[in-house]
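*Asks:* Give me a 3D structure for the following:
(chains A, B, C and D)
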Protein chains: 4
Amino acid sequence: MTKEILTGLGEECGVFGAYDFDGDDVASYIYYGLFALQHRGQESAGISVTDTDGESKNVMYHKDTGLVNEVFNKNTLNSLKGNLGVGHVRYSTAGGVGRENAQPFVIHYQKGILSMAHNGNLTNASQLKEELSQTGAIFQTNTDSEVIAYLIAKERLTSETVEEAVKSATQKLAGAFSLVVGSPSKLIGARDPLGFRPLCIGRKDNTLFLSSESAALDTIGAEFIRDVKPGEIVTIVDNEIYSDRICPPVAEARCIFEYIYFARTDSCIDGQSVYVSRTKAGAILAKNAPVEADLVVGVPESGLAAAIGYSEESGIPYGMAFYKNSYVGRTFIKPKQNERTSSVQAKLNVIREVVKGKRIVMVDDSIVRGTTIKNIVKMLKNAGALEVHVRVSSPPFKFPCYYGTDVPTSENLVACNNSIEEIRQGINADSLSFLGLEDLQELCPGLEFCDACFTGNHRGGVPKEEVDMKACSSEKIVF
Amino acid sequence: MTKEILTGLGEECGVFGAYDFDGDDVASYIYYGLFALQHRGQESAGISVTDTDGESKNVMYHKDTGLVNEVFNKNTLNSLKGNLGVGHVRYSTAGGVGRENAQPFVIHYQKGILSMAHNGNLTNASQLKEELSQTGAIFQTNTDSEVIAYLIAKERLTSETVEEAVKSATQKLAGAFSLVVGSPSKLIGARDPLGFRPLCIGRKDNTLFLSSESAALDTIGAEFIRDVKPGEIVTIVDNEIYSDRICPPVAEARCIFEYIYFARTDSCIDGQSVYVSRTKAGAILAKNAPVEADLVVGVPESGLAAAIGYSEESGIPYGMAFYKNSYVGRTFIKPKQNERTSSVQAKLNVIREVVKGKRIVMVDDSIVRGTTIKNIVKMLKNAGALEVHVRVSSPPFKFPCYYGTDVPTSENLVACNNSIEEIRQGINADSLSFLGLEDLQELCPGLEFCDACFTGNHRGGVPKEEVDMKACSSEKIVF
Amino acid sequence: MTKEILTGLGEECGVFGAYDFDGDDVASYIYYGLFALQHRGQESAGISVTDTDGESKNVMYHKDTGLVNEVFNKNTLNSLKGNLGVGHVRYSTAGGVGRENAQPFVIHYQKGILSMAHNGNLTNASQLKEELSQTGAIFQTNTDSEVIAYLIAKERLTSETVEEAVKSATQKLAGAFSLVVGSPSKLIGARDPLGFRPLCIGRKDNTLFLSSESAALDTIGAEFIRDVKPGEIVTIVDNEIYSDRICPPVAEARCIFEYIYFARTDSCIDGQSVYVSRTKAGAILAKNAPVEADLVVGVPESGLAAAIGYSEESGIPYGMAFYKNSYVGRTFIKPKQNERTSSVQAKLNVIREVVKGKRIVMVDDSIVRGTTIKNIVKMLKNAGALEVHVRVSSPPFKFPCYYGTDVPTSENLVACNNSIEEIRQGINADSLSFLGLEDLQELCPGLEFCDACFTGNHRGGVPKEEVDMKACSSEKIVF
Amino acid sequence: MTKEILTGLGEECGVFGAYDFDGDDVASYIYYGLFALQHRGQESAGISVTDTDGESKNVMYHKDTGLVNEVFNKNTLNSLKGNLGVGHVRYSTAGGVGRENAQPFVIHYQKGILSMAHNGNLTNASQLKEELSQTGAIFQTNTDSEVIAYLIAKERLTSETVEEAVKSATQKLAGAFSLVVGSPSKLIGARDPLGFRPLCIGRKDNTLFLSSESAALDTIGAEFIRDVKPGEIVTIVDNEIYSDRICPPVAEARCIFEYIYFARTDSCIDGQSVYVSRTKAGAILAKNAPVEADLVVGVPESGLAAAIGYSEESGIPYGMAFYKNSYVGRTFIKPKQNERTSSVQAKLNVIREVVKGKRIVMVDDSIVRGTTIKNIVKMLKNAGALEVHVRVSSPPFKFPCYYGTDVPTSENLVACNNSIEEIRQGINADSLSFLGLEDLQELCPGLEFCDACFTGNHRGGVPKEEVDMKACSSEKIVF
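*Replies:* All right, here's what the predicted structure looks like:
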């Protein structure tokens, strides 16, 4: 929500799981864990818990549309009694905000109850749905999670254990998934073979955790144990972590945008610090696109680390050019087109004394539609900046993502339709440079990543209903 | 809710369907239809609609816990665009109030989308669930509707039409069901072969309706066409009503309590006026249990018609002894045990001038726990009634119902444990008579009915998990 | 709300007070008391309490728009700790629903805190406001209560006791008021000298009560002690009731419509049973406007008692012709003009079997605009009634009320503009009779009453800003 | 809210006014203006508007507890029609959150309607209330605004104009006030003679504005015109600004904490940039309390600018050590004492890669209780910081504030009870320095300010009921 207003990009979900082997309730852990993952999804939130020592092995859950803060109050949180639990925060595109799509997804099936939280997007969901439909399946939501749940339930008919069923089911999935599954007495994590979305394991005393990001472990004071590997299935039971694989290792394709923009600056994914990736991106820009200037500033929040990197590499001082209003919430009334103020102005203001009379390097993480950055450049110049040199810590966005990032259609991707010089003129910058495709590897040395949004190389597959939509629009964007 | 506070009995659901062949929206019809059926369920309400001329044949729906009034506002109602729709009001026992159990139940399956509303209780739901589970089915709710939807989806794989699938599916069901199913271009009604719950057809101009009760047709100004027969499936399409049967006719078992208590006094079920049934019950009581008295009064609302019948037959004048406060709503704070007032007092008050110095015949429709009627007798005597003769327009309640009535367990059924004389003493009445089992047929001449709650003759079957619970408790109730 | 939909008349408020000399909390008493008075006002509700033994003598209160049920939940009710309290339910016309006008009205003034609840309408409020303004007073609401509070505060500067201040203040008031005032250790009731609105005293153990109607005392199991007399001030302190007078007795003017329509049928006002008044009205109609017919029916709720009176006097049997849907609440979506159903239909339905083929006498309490009764006559005829003879248990409404009844302006009073024969034709009745002006005295033998709405004889004065509005409109109403 | 969780300090309110001389609605301007001032108060928000060309000169308003975002939706905002308006955001201590204390405060008085918004705290409110009470005044709220409104209403009786009345009224006030008053056709601003709280004037086209801070003018795209001077009254009418004075200029006492902590970094108060004040404070600390270190970091948000100042002066690089979670809202469930996480951890996390192995200078704006900073030092050390040198950009807090800052009582002020060395040990810092009292003047060259919270020199007076509470507690704080 907050992020979107500035960038137009959306992430799809955060997942969290906890299993306390001392038998204490975990709902409060999950609440603070989800709160730490709130940036990954602001549309809905939910927690499910099971008492693994209870007779009934029943699952209690509460989920609804809204922020973690809004969905839970003390009463609902305290009423969730159980020492094994799963949590979820959800981002969703306009059509699917509905309450019925909120997660965790809780089902009764032959072997009892499962709850599940999913981050990512399958690329063969419609085929799988079609196949399941032909056996008489019915679907009550639009979520991939329902498809996965069905597959697990089907596989469980012939599997010895629930983790075997998860393994067989995930072998059928294409695309991106980081899954947390709660069974009556096991907590299971699974990450797709290409490793699009992050997932890691933590521990605090006798409680084990699964989390989309390591920062959520910090928040609850847990120790980071390790990442779940791409293609790995981990089963947490009896205070131990058991590991299996969906399939033999393949070339991986972790989402580069987690490092550039999505993940928290204080998270570490697959051994790579997000902060370090961002400062490196800034440093590369400083090397490859130097400019004579007086001050480097970053667009909050995700541009700040890259700006620090640019400043360190270039020797140009770092400055704090913007005040960001953090009260923009879900119910913020966006100014109408042509109204007297803009969403950007409502959210960001320039600190005049910082930029007045200066030549500014302004670092941002990406350009989507271009209108926001145009507004920000204008605000800087109105505040007295002599020059504004825009440096973007990612390559130009040109292709849709099918793996869990909500990228606008190509008509709304400025880089799809305009040359860099046209964009520069459109946003009225004195110069403009993007990170090069060839630079990306330096952000995550030694890691394989997905760059489909920049290159169109969709290694995780393309949903069959989208095959024709990959090409760039040919219409130029009018600023 | 309102009803329960006085009686302790609960009904399970009302259903409504509408199909406008001129293509106009039907949500408003369904709203007023459900409003007219509100007495059948106050826990949740919902409406789903389809635009049968639209490209997408998508289904829009809105449902939530609460009264029809509370669940819908002008915005939500106006946003439901479509000329074919299904509505539902739901009663539910404490454990299952949850939002996820609200209906209509909307599913995507191989052939598109179905929405469904169900009144009644299956007696083989757990077996069917078990069977479906063994094919990998997953369940997201505790409703019978989900089971039925699964069966329809399975059958649809091999059926030529959706109505064929409904037919095959309903052939597998045991127990009570009055179903309304909306497919992309057909509105289907089905009633179980024993005809436990009512269902009827109406028309207004080019709109055809299905409704639990005829009174809802009156409310929207529609004409009553006919009842759906026990075991019948009707398919409404192209402005016509097509009829088929689930199975050949069998001995029927319509719920006698619809006539005695559940249905609106102004409804007519299977050709029998509810009002007439009730006045007849009163008249029979007057004949069989006469008493010398000055005034006949009824306990609002359902006792009033029987009181009028008693008065007419006996010649004893009819009087209005009670003021009923109609503002008791879902959020009414019930007085605590031992508190300074009682729920009965909050809801009913005696009009002193009517009863003072008089010998009263008080007619009520049933006695469940006995505490309410004890309170009312006391209120009458406190107001100066010289004698209070209680006449009950149904036989004593002794057995559970598995077909959609929420009867307390036998420990809370006074007639299960106490003799009539003991009950009379317990409620402090000067005399007490119930309607005889042998009198019931007179209430619905020519109609076959179910009297399991009085006799234990459960012709619709008993759920396997309940088999042992049929016997009466041996503990007496202490008033 | 409910009432209005059928009649177009609105009442303005109910008041309740409680003082427990054992020191126990009274909020729960007041809750059930207000619940019993809900018919007097559905727009807002509130309760204020003081702990008379506490150091601080602080006042806690909770009030908001909505029904008693909606405004209070267990938490808010339990949080109101105090043994002396004041409650209020409010009706209000469209313009003034605002939360800020909810009562009780709580003020800090020189001597501490007062809370106050008021039923009635002052006719000199604007003059008093003007006078107070000229001393620098500021007004935060549109309520008469604020004016009264100011006067009490002013008088308290020179009065020895708070009851003296109430006395001096009320001497300045013109129009209608039944007041309940809570001071830190006294509960005070006052009723205007003409006695427009009711107010009575009750007791239960060591708790004393003030209530708009006696029925609210029944609801909480309290004993009716006596009415507060017109012009009387009662001060409840030390478990005693002290009496004083605002002024020497004058000719009284209690609102006749309390007996005909507003008050609960089970209340007793100034020694006169409301039920008896209504049955008498019916009996008078039977004597003065007899007709050959088969059945007498009443329009629920307020027409029922009069119908019983007509039936008893005429010997024509009484019948229950209507089913009333009691779920019409504040948020009921009224059908649009020209829509497919009407508010009347949504609320009332005819029981066909009762009226079919019969000549009907239909008794209602009043005719305001005429459209509702027209609809009901039509419903009866559609159901097969051969004739419908309308009998109205009040004279024709012709003048506004300035004493707390919300009567429509004269353009919307059918009797103001049309002859009785024109009305009869308009509503399509076979005959139509109103109660005569000369009959009113019989309803309340020995009591003086106000009949201004029928005669224009406004004995309580006319607000200066309304002087020119008394005349009847000359436009006929088109049905 | 957000701020408090980290610091324990609270601000009391922001005010905003707008007058569009083209006659267009101003509610939307005020909405975004208040949104920009949200940091000054998160408990309630409100907007009142008048149509100055309308016949009635009525005032419409909407106010409630909650954030600006939560209090207003599109409907409520659009319904506020008027070209002159007043807005308010309110901070309040626990006892006075109530809805009835929300502002703007709207009154009817002799000359019509006034609406008013107030920032600051009077020190003679209780005396003024007492005096007013003795003339019969009644009080419905606990706000100073009600007292001020009374005084204006009283003075208006003898004043020729409303601005004269405001002048006479404000002459009676002691303490802090920045007022915005809307009369039917004038918008008036007033600032107390000592100038405790800020207030400034802006313009956009033909609309004039009053605002607590200049940043709110930037947000709506308005031009800053000038500050309202201490002791000045400005009257905006006919598109002109008229100036008058409450009294001749006196030695001023603007709140130094506006510069250090309260105001937005991008605001400019009385000609002094808040950003510049903060960086100067950092620079002074660098000069006066140098230390050998590797990195300077600031505690978000208010410590960041001072950290930049320290870095620039010392030459030690500036770094971004913390990730701040901006989703902490009003309904955030604070972890219980002894629970598994802390509010600080939920809100802030250290970016390990930034601080690991480094000697850190950590700059924060103030220390109140000390527990928060102790937690943050601990987090830095846990993340691998070798040394943590704490630099505080204000002198130690020792005295209460009576002018609108919510400072804890002295038992909770660590500097009141412990020596600096004791605090250093308590928070486990390697060194600790505060800004010196003698340095404060450098932050705001040429401006007179109030330093009562550091020195006890309460130049704006002390409320009589607080006189004895000035002394420091003698109990040491145990960390």
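
*Asks:* Could you find the closest non-adjacent residue to A:Asp51?
*Replies:* A:Gly82 (4.5 Å; C-beta to C-beta, 6 or more residues apart in numbering or on different chains). Every residue, glycine included, has its C-beta placed from N, CA and C.

*Asks:* isn't there a helix covering that neighbour?
*Replies:* No: with DSSP: H, G, I helix; E, B strand; the rest coil as the criterion, A:Gly82 is assigned coil and is not in a helix.

*Asks:* Once you drop chain neighbours, what's closest to whichever residue of the stretch 301-450 of chain A sits closest to chain C?
*Replies:* In the stretch 301-450 of chain A, the residue that lies nearest chain C is A:Thr331 (20.2 Å; C-beta to the nearest C-beta). Among residues not flanking A:Thr331 along the chain, D:Asn69 sits closest, at 4.9 Å (C-beta to C-beta, 6+ apart).

*Asks:* just checking, that neighbour touches A:Ser326?
*Replies:* No: applying C-beta atoms under 8 Å, one finds D:Asn69 not in contact with A:Ser326, separated by 11.5 Å.

*Asks:* returning to what we had before: how many other residues sit next to the residue nearest to A:Asp51?
*Replies:* 27 (other C-beta atoms under 10 Å in any protein chain shown).

*Asks:* residue ranges with poor pLDDT in chain A?
*Replies:* For chain A, the stretches with pLDDT under 70 are A:1-11, A:92-97, A:337-341, A:467-474, A:477.

*Asks:* what does it have sitting close to chain B?
*Replies:* A:99, A:105-110, A:129, A:133-140, A:146, A:149-150, A:153-154, A:156-157 (C-beta under 8 Å from any C-beta of the partner chain).

*Asks:* one step back: look up how far chain B lies from the residue of the stretch 301-450 of chain A closest to chain C.
*Replies:* According to C-beta to the nearest C-beta, to the nearest Å, A:Thr331 stands 16 Å off from chain B.

*Asks:* Which residues are in contact with the residue of chain A positioned farthest from its centre?
*Replies:* Here the centre of chain A is the reference, and by C-alpha atoms, centre = their mean the most remote residue is A:Gly357, at 38.0 Å. Taking C-beta atoms under 8 Å, 6 or more residues apart in numbering or on different chains as the criterion, A:Gly357 is in contact with A:384, A:386.

*Asks:* so it sits in a helix?
*Replies:* No: assigned with three-state DSSP, A:Gly357 falls outside any helix and is coil.

*Asks:* For chain C, see how far away the residue nearest to A:Thr331 is.
*Replies:* From D:Asn69 to chain C the distance is 20 Å (C-beta to the nearest C-beta).

*Asks:* picking up where we left off before, close enough to count as contact, the residue nearest to A:Asp51 and A:Ile47?
*Replies:* No: using C-beta under 8 Å, A:Gly82 makes no contact with A:Ile47, being 9.5 Å away.

*Asks:* Could you tell me which helix of chain A is the longest one?
*Replies:* In chain A, taking DSSP state H as the definition, the longest helix is helix A:274-288.

*Asks:* Which elements pack onto it?
*Replies:* Using 3 or more C-beta pairs under 8 Å, 6 or more residues apart in numbering or on different chains; DSSP states H and E, the elements in contact with helix A:274-288 are helix A:303-314, strand A:387-392, helix A:440-443, helix D:352-355.

*Asks:* in it, what's buried?
*Replies:* Within helix A:274-288, the residues that count as buried by 16 or more other C-beta atoms under 10 Å in any protein chain shown are A:274-286.

*Asks:* circling back to that earlier point, what's the neighbour count on the residue of the stretch 301-450 of chain A closest to chain C?
*Replies:* 17.

*Asks:* In the stretch 51-200 of chain A, what residue spans correspond to strands?
*Replies:* Using DSSP state E, counting those that start in this stretch, the strands of the stretch 51-200 of chain A run over residues A:59-65, A:84-90, A:105-109, A:112-119, A:178-182, A:187-191, A:200-204.

*Asks:* what's the closest of those strands to chain C?
*Replies:* Comparing the strands of the stretch 51-200 of chain A under C-beta to the nearest C-beta, the one sitting nearest is strand A:59-65, at 19.1 Å.

*Asks:* Strand A:84-90 and the closest one, what's the angle between them?
*Replies:* Following axes from the mean of the first three to the mean of the last three C-alpha atoms, to 10 degrees, one obtains 10 degrees for the angle between strand A:59-65 and strand A:84-90.

*Asks:* so how far is D:Arg278 from the residue lying closest to A:Tyr318 once chain neighbours are set aside?
*Replies:* Once flanking residues are discounted, A:Tyr318 sits nearest to A:Ser311: 3.8 Å by C-beta to C-beta, 6+ apart. To D:Arg278, A:Ser311 is 20 Å away according to C-beta to C-beta, to the nearest Å.

*Asks:* Now do the contacts for the residue nearest to A:Thr331.
*Replies:* A:327-333, D:35.

*Asks:* Please apply the same query to A:Ala263.
*Replies:* A:Ala263 sits next to A:198, A:213, A:215, A:269, A:274 when contact means C-beta under 8 Å, 6+ apart.

*Asks:* Just give the nearest non-adjacent residue to A:Asp144, would you?
*Replies:* A:Leu122 (4.6 Å).

*Asks:* who's in contact with the one you found?
*Replies:* A:128, A:144, A:147-148, A:173-177 are the contacts of A:Leu122 under C-beta under 8 Å, 6+ apart.

*Asks:* ok, back up a step: what sits in contact with each of A:Gly82 and A:Ile47?
*Replies:* Contact criterion C-beta under 8 Å, 6+ apart; residues shared by A:Gly82 and A:Ile47: A:Ala27.

*Asks:* In a helix, A:Arg465, correct?
*Replies:* That one is not Arg; residue A:465 is Glu. Yes: counting by three-state DSSP, A:Glu465 is found in a helix.

*Asks:* correct me, but it touches A:Asn124?
*Replies:* No: between A:Glu465 and A:Asn124 there is no contact under C-beta under 8 Å: 10.8 Å.
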